[in-house]
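Trainee: Pasted the sequence and its predicted model underneath.
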Amino acid sequence: DASVGTVVALLSVSDRDSGANGRVRCAVWPAAPFGLVATFAGSYSLVLREALDRERVSEYEVEVRAEDGGAPPLRASRGLRVPVSDVNDNAPAFAQAVYTVLARENNAAGAELARLWARDPDEAGNGRVSYSVAEGGAGAGSGSGWRPASSYVSVDAESGRLWALRPLDYEELQVLQFEVRAVDAGEPPLCGNATVQLFVVDENDNAPALLPPAGGGPGPWSAGEASAWAPGSLWAWAAWGAPAGQVVAKIRAVDADSGYNAWLRYELWEPRGKGPFRVGLYSGEVSTARALEEADGPRQRLLIVVRDHGEPSRSATATLSVSLVEGAEAALAAAGAGSSGAGLRPAAGAEGGAAAAAAATNVWLVVAICAVSSLFLLAVVLYGASRWAPRAAVLSGPGPATLVCASEVGSWSYSQRQSRSLCVADGAGKSDLMVF
């Protein structure tokens with residue numbers, strides 16, 4: 001950091017000859033970054049002509065050449081070594097601005113995740129770098145809020161190795177982004193930053209979880225019975241004679257993992273072979289494999305296994321009880337199951353008085369609607385019959401012309417012809433209604 005014009009060395013040159021033979025001319029080689037300035041007779045100053053950069057050239061070999069004015073001229077030279085001292089003019093710089101680090105979940109505490117390295121071209125303390133986690137963090141799951149990155153990872157101050165302070169859980173934390181700072185020991189200290197993006201790789205550590213029937217509530221029974229629903233115990237109806245391919249229920253499950261670890265497949269474990277039902281491999285829909293017969297019995301118990309595609313695979317088991325009923329009963333059951341979706345019901349207490357009460361209520365509702373509709377239709381028919389029924393006419397003999405209608409704008413003309421009065425069937429004369 002020496003400024004231009006700084007004196008680097010003082011030189012003295014002498015020649016014992018006299019006159020022109022003793023006049024000396026001096027020059028420096030190479031011409032940059034130094035130059036010679038004559039101060040007084042026989043004395044020169046080696047000065048700086050350009051700024052120096054120790055990280056580019058740490059030492060210069062300079063030659064000063066002297067030549068007298070005689071004939072022939074005589075010459076002499078002297079070499080100088082000029083080392084450049086270091087100043088802290090370079091901040092530590094990481095090899096990458098952003099580091100991407102992959103870490104498997106459930107890793108052991110203290111496991112090494114990566115190694116960061118920052119270069120400082122200065123020497124000695126000016127180039128000695130120490131590392132630290134500067135800032136960053138992530139929002140943790142389960143409502144625990146934001147957590148700093150220093151609670152998950154740590155970096156070795158001397159080597160730059162990144163360590164895990166605790167096992168990582170993919171379901172809690174997927175991405176952790178933070179900054180690592182590198183500071184040198186110069187005066188004043190200089191620093192550099194790098195961003196680290198830590199991605200947690202999912203492991204198959206969660207088994208599939210069965211969900212309750214769709215719609216948020218299980219069918220027409222009390223909330224107390226609904227709260228007693230046990231995961232994996234389901235119930236559905238199917239009608240005798242139902243054709244092959246008719247969906248009677250749908251198994252719903254979810255896996256907290258991601259990717260292949262959360263991709264579920266459904267398998268019918270019992271009964272195996274040529275049973276009356278089958279389950280969709282990836283849809284979970286339980287449908288009839290053939291037409292249902294009375295020989296199949298009043299109830300079928302299906303054991304369905306839900307597996308994921310992780311390694312090793314994890315599974316959950318669902319028990320589905322299918323009651324085989326008549327078509328009308330199945331329709332009433334399906335109507336009562338509209339709010340719960342797919343005809344699924346909890347197994348415990350599902351065939352008790354609550355189901356019978358629901359069916360009786362639906363029957364009385366249908367009867368009431370039919371009765372009201374019949375009364376309304378009968379009233380309409382009677383009104384139409386009385387309004388539009390034909391009336392018997394009785395013709396009377398000749399009579400005098402009478403005024404039919406009068407108003408403020410005039411009156412109808414009198415008829416000079418014979419008129420006949422129109423009467424109803426009971427003989428009451430209507431003298432105000434005339435036919436001309």
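Mentor: Sure thing, it's come through.

Trainee: Pretty sure residue 236 sits against residue 324.
Mentor: No: using Cβ atoms under 8 Å, residue 236 is not in contact with residue 324, being 10.4 Å away. Every residue, glycine included, has its C-beta placed from N, CA and C.

Trainee: what about these two, which has more around it?
Mentor: residue 236 (26 against 22; other Cβ atoms under 10 Å).

Trainee: What is the burial count for the residue nearest to the more buried one when sequence neighbours are not counted?
Mentor: Leaving out its chain neighbours, the residue that sits closest to residue 236 by Cβ to Cβ, 6 or more residues apart in numbering is residue 249, at 3.9 Å. Using other Cβ under 10 Å, residue 249 has 29 other residues around it.

Trainee: Double-check that residue 249 belongs to a strand.
Mentor: Yes: assessed by DSSP: H, G, I helix; E, B strand; the rest coil, residue 249 belongs to a strand.

Trainee: wait, doesn't it sit right on residue 320?
Mentor: Yes: if you go by Cβ under 8 Å, residue 249 and residue 320 touch, sitting 6.0 Å apart.

Trainee: Using PDB, list the CA coordinates for stretch 284-296.
Mentor: Provided in PDB are the C-alpha atoms of stretch 284-296 (Å, rounded to 0.1, in the frame of the first residue of the first chain):
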ATOM      1  CA  GLY A 284     -58.400 -48.000  -3.000                       C
ATOM      2  CA  GLU A 285     -61.900 -48.500  -4.400                       C
ATOM      3  CA  VAL A 286     -63.600 -51.700  -3.300                       C
ATOM      4  CA  SER A 287     -65.800 -53.100  -6.000                       C
ATOM      5  CA  THR A 288     -67.600 -56.300  -6.900                       C
ATOM      6  CA  ALA A 289     -65.600 -58.800  -8.800                       C
ATOM      7  CA  ARG A 290     -68.700 -60.600 -10.000                       C
ATOM      8  CA  ALA A 291     -72.400 -60.600  -9.400                       C
ATOM      9  CA  LEU A 292     -73.300 -61.000  -5.800                       C
ATOM     10  CA  GLU A 293     -75.200 -64.200  -4.900                       C
ATOM     11  CA  GLU A 294     -77.100 -65.400  -1.800                       C
ATOM     12  CA  ALA A 295     -74.400 -68.100  -1.400                       C
ATOM     13  CA  ASP A 296     -71.900 -65.300  -0.500                       C
END
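
Trainee: What's the mean pLDDT across that stretch?
Mentor: Taken as a whole, stretch 284-296 has an average pLDDT of 87.

Trainee: again, but for stretch 22-36
Mentor: On average, stretch 22-36 scores 91.

Trainee: Could I get the buried residue list for it?
Mentor: Residues 24, 26, 28, 33-36 are the ones in stretch 22-36 that count as buried (16 or more other Cβ atoms under 10 Å).

Trainee: Of all pairs in those, which one is the farthest apart?
Mentor: Farthest pair in these (Cβ to Cβ) is 24 and 33. Separation: 23.9 Å.

Trainee: which SSE is residue 377 in?
Mentor: helix 353-388 (DSSP states H and E).

Trainee: packing partners for that helix?
Mentor: Counting contacts by 3 or more Cβ pairs under 8 Å, 6 or more residues apart in numbering; DSSP states H and E, helix 353-388 is packed against helix 327-336.

Trainee: returning to that earlier point: can you add secondary structure and distance to residue 309 and give the buried residues of stretch 22-36 back as CSV?
Mentor: Below are these laid out as CSV (DSSP: H, G, I helix; E, B strand; the rest coil; distance: Cβ to Cβ, whole Å):
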residue, secondary structure, distance to residue 309
24, strand, 91
26, strand, 85
28, strand, 78
33, coil, 69
34, strand, 73
35, strand, 77
36, strand, 81
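
Trainee: any idea which of these is the one closest to residue 150?
Mentor: Closest approach to residue 150 among the buried residues of stretch 22-36 (Cβ to Cβ): residue 33, at 47.2 Å.

Trainee: Wait, the closest one touches residue 52, no?
Mentor: Yes: under the criterion of Cβ under 8 Å, residue 33 makes contact with residue 52 at 6.5 Å.
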